[in-house]
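Undergrad: Okay, predicted coordinates and the sequence, questions at the end:
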Amino acid sequence: MAMISCPECQSDVSDAALKCPSCGVQLRKPKRTFFGKLVKYSFILFNLIMAYWIFAGLGGASEQYSELSSEAEKAGAAIGTGLGVMFIAGIWFVGDVILGLFVLFTRPKS
């Protein structure tokens, strides 16, 4: 390993060190592992998919709602749409909690 000079106290420090052992100044930022990056981008992708699912579902339901003739059909469609949105929101919440914990536990250690 090569030795570098600390920009703060000018002492010799290993180039692999995250912080200077003498003064404690941060020399470089810790990086996520491959698994940590995979989890982070999975979290982002999951949220994008869930947002698309909600908006596409509501858009499709509103298109079908205008074609219904009786009030009973419209009430049933509104109830079904509400239940569908609640189901998707529940999946979204549970998925975010689980993936969020994985993101938290795979963050880089300093």
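TA: Great, that's in hand.

Undergrad: excluding its backbone neighbours, what's nearest Val39?
TA: Nearest non-adjacent residue to Val39, counting by C-beta to C-beta, 6 or more residues apart in numbering: Phe102, 4.6 Å away. Quick note: C-beta positions are derived from backbone N, CA and C, even for glycine.

Undergrad: Read off the pLDDT value for Ser110.
TA: Ser110 carries a pLDDT value of 66.

Undergrad: Give me the most central residue, this structure.
TA: Phe43 (3.4 Å; C-alpha atoms, centre = their mean).

Undergrad: other SSEs contacting the helix or strand that contains that residue?
TA: Using DSSP states H and E, Phe43 maps to helix 34-65. With contacts taken as 3 or more C-beta pairs under 8 Å, 6 or more residues apart in numbering; DSSP states H and E, helix 34-65 sits against helix 71-105.
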